[in-house]
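*Asks:* Fold the following and give me the result.
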Amino acid sequence: MAGAPSGAERPWRVTVDRGLCVGSGLCAATAPGAFRLDAARRSHPVARETGASEAVLTAAENCPVEAIALALAATGEPVFPPEEPGR
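*Replies:* Residues are numbered from 1 along each chain as shown. Coordinates of the predicted model:
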């Protein structure tokens with residue numbers, strides 16, 4: 001799987017587009033150490049950066065409105081969603 005974490009990867013920067021978030025809670029259930037829901041049931045990252053993990057990647061992949069983005073913290077290179085070819 002492209003973008004799958006490995007022990008050699010650097011930390012990821014996690015962002016949630018709160019304008020897109022519908023508060024399904026899937027991210028917080030999948031990666032509770034990385035995501036929380038606020039009083040309005042909108043997701044937010046627990047920390048701006050997190051270690052590369054399968055749970056965080058799965059949470060981003062399973063977001064029903066694609067509100068979660070992951071990038072390498074050091075470079076900003078997208079992890080999820082992946083860059084589209086030709087962009």
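*Asks:* Phi and psi next, for residue 57.
*Replies:* Backbone torsions of residue 57, given as degrees, to the nearest 10, read phi -60, psi -40.
*Asks:* Test my guess that it contacts residue 81.
*Replies:* No. Using Cβ atoms under 8 Å, residue 57 is not in contact with residue 81; the gap is 11.1 Å. The way it works is simple: take the backbone N, C-alpha and C, and place the C-beta from them, glycine included.
*Asks:* Excluding covalently adjacent residues, which one is nearest to residue 26?
*Replies:* With Cβ to Cβ, 6 or more residues apart in numbering as the criterion, residue 26 has its nearest non-adjacent residue at 5.4 Å, and that residue is residue 62.
*Asks:* tell me the contacts of that neighbour?
*Replies:* Neighbouring residues of residue 62 by Cβ atoms under 8 Å, 6 or more residues apart in numbering: 26-27, 30.
*Asks:* What's the separation between residue 50 and residue 27?
*Replies:* Separation of residue 50 from residue 27 (Cβ to Cβ, to the nearest Å): 12 Å.
*Asks:* Common neighbours of these two, please.
*Replies:* Common neighbours of residue 50 and residue 27 (Cβ under 8 Å, 6+ apart) are residue 34.
*Asks:* Looking at these two now, which is surrounded by more residues?
*Replies:* More crowded of residue 50 and residue 27, by other Cβ atoms under 10 Å: residue 27, with 29 against 20.
*Asks:* thinking the more buried one is in contact with residue 35, fair?
*Replies:* Yes. At 4.1 Å, residue 27 counts as touching residue 35 under the criterion of Cβ under 8 Å.
*Asks:* Overlap in contacts, the two.
*Replies:* The contact sets of residue 27 and residue 35 overlap at 16, 43, 59 (Cβ under 8 Å, 6+ apart).
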